[in-house]
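Colleague: Just the structure for this:
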Amino acid sequence: MLRALLHGPAKRAYCGTGLVLVGLSPVYYTHLPFPSQYPGVICVLSLAALAFVFAFLQDWIDLTSGVKVELAWTFGAGSVLLMNGEAWLRNLIATWVPYVEWREGLGLIDLVFPVMILLPVCVVFLGVLRYPRKWPERAYLLGGLFLVLLFVGEVWFNLFRIHFFRDPSLESYPALFVWVTVCLVAGTMGMVLGCLPQWSHRPSQLESAMPFCYLAGAGMLALGIFWDELAAVAPVPAMLGALAPASFMTWRWITSTFGARSH
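Modeller: The predicted model follows:
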């Protein structure tokens with residue numbers, strides 16, 4: 001499994017990105033401001049898990065090896081810069097750029113960081129659409145990718161509002177801040193569930209209901225974009241919808257593994 005995951009330059013690049021993000025998570029915790037420390041670390045670890053998932057899905061993407069590698073490094077650079085690059089870049093520009101107009105223009109570069117993540121996500125999304133994956137794996141993968149797209153889009157629009165409308169950041173809106181964090185976590189969990197071996201998705205009534213629980217939570221998160229009241233409560237059913245199939249599969253794996261050993 002590990003050898004197959006590292007077979008290919010794009011896969012190795014994504015795995016390297018995941019390891020770098022995991023290693024940088026303590027740094028993010030110490031450098032991020034207080035309200036965003038724990039959610040920031042959670043997002044970093046989710047992006048790390050997402051990088052490993054993307055490495056697993058590279059065989060589904062019909063692109064040249066060189067393009068895949070470029071997308072992998074683009075995802076890695078965008079992820080690292082998005083989580084802590086804004087404050088670091090702002091301090092660097094304020095120190096070395098003498099003119100205010102130039103500072104404001106150069107400060108817009110942080111709008112590029114979410115786009116750097118968005119490009120590989122869209123490519124994987126198209127790859128999943130074209131690959132003949134069956135239900136429920138396909139539902140988990142597409143639902144998870146959709147939530148990741150929502151996460152990237154909301155972060156980009158937040159930066160856009162800060163630059164052009166001088167609105168406060170997400171940290172000033174606790175409900176929306178939690179919504180964004182849960183959106184990435186639930187999306188990553190869905191993609192991990194979709195990458196599990198096909199034998200782990202057994203055809204049963206309970207198993208068939210699990211994807212609908214996940215998709216229902218994802219739908220509530222999507223509706224939270226349009227209603228602030230729903231954004232405050234949507235993370236709860238969304239996480240329940242993601243945790244239900246994850247808990248079910250984990251419990252079944254434990255019982256099957258240890259039950260087989262006992263016999």
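Colleague: Next, find the distance separating Leu230 from Lys134.
Modeller: 32 Å (Cβ to Cβ, to the nearest Å). For every residue, glycine as well, the C-beta is placed using N, CA and C.
Colleague: go on, Asp62?
Modeller: 19 Å.
Colleague: What does Leu141 show for phi and psi?
Modeller: phi -70, psi -50 (degrees, to the nearest 10).
Colleague: okay, now the nearest residue to it once chain neighbours are set aside: neighbour count?
Modeller: Of all residues not flanking Leu141 in the chain, Gly194 sits nearest, at 3.4 Å (Cβ to Cβ, 6 or more residues apart in numbering). Counted with other Cβ atoms under 10 Å, residues neighbouring Gly194 total 25.
Colleague: ok, Gly194 - contacts?
Modeller: 133, 137-142, 144 (Cβ atoms under 8 Å, 6 or more residues apart in numbering).
Colleague: ok, back up a step: more neighbours: Leu230 and Lys134, which one.
Modeller: Remark: of Leu230 and Lys134, Leu230 carries more neighbours, 16 against 9, as counted by other Cβ under 10 Å.
Colleague: Identify the residues contacting the more buried one.
Modeller: 220, 223-224.
Colleague: 10 Å instead?
Modeller: By Cβ atoms under 10 Å, 6 or more residues apart in numbering, the contact list for Leu230 reads 175, 179, 220-224.
Colleague: How about Leu126?
Modeller: Residues in contact with Leu126, defined by Cβ under 10 Å, 6+ apart, are 60-63, 145.
Colleague: Enumerate the positions of the one helix or strand it maps to that are buried.
Modeller: Assigned by DSSP states H and E, Leu126 falls within helix 112-130. Using 16 or more other Cβ atoms under 10 Å as the test for burial, helix 112-130 gives 113-114, 116-118, 120-121, 123-125, 127-128.
Colleague: Kindly format the C-alpha coordinates of that helix as CSV.
Modeller: Output in CSV follows, covering the C-alpha atoms of helix 112-130 (Å, rounded to 0.1, in the frame of the first residue of the first chain):
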residue,chain,number,x,y,z
VAL,A,112,-3.6,33.8,-5.0
PHE,A,113,-3.1,31.3,-2.2
PRO,A,114,-6.7,29.9,-2.2
VAL,A,115,-6.6,29.7,-6.0
MET,A,116,-3.4,27.6,-5.7
ILE,A,117,-5.4,25.1,-3.7
LEU,A,118,-8.4,25.4,-5.9
LEU,A,119,-6.7,24.2,-9.1
PRO,A,120,-5.7,20.8,-7.9
VAL,A,121,-9.0,20.3,-6.1
CYS,A,122,-10.9,21.0,-9.4
VAL,A,123,-8.6,18.6,-11.3
VAL,A,124,-9.3,15.8,-8.7
PHE,A,125,-13.0,16.6,-8.8
LEU,A,126,-13.1,16.1,-12.6
GLY,A,127,-11.0,12.9,-12.2
VAL,A,128,-13.5,11.5,-9.8
LEU,A,129,-16.4,12.4,-12.1
ARG,A,130,-14.8,10.5,-15.0
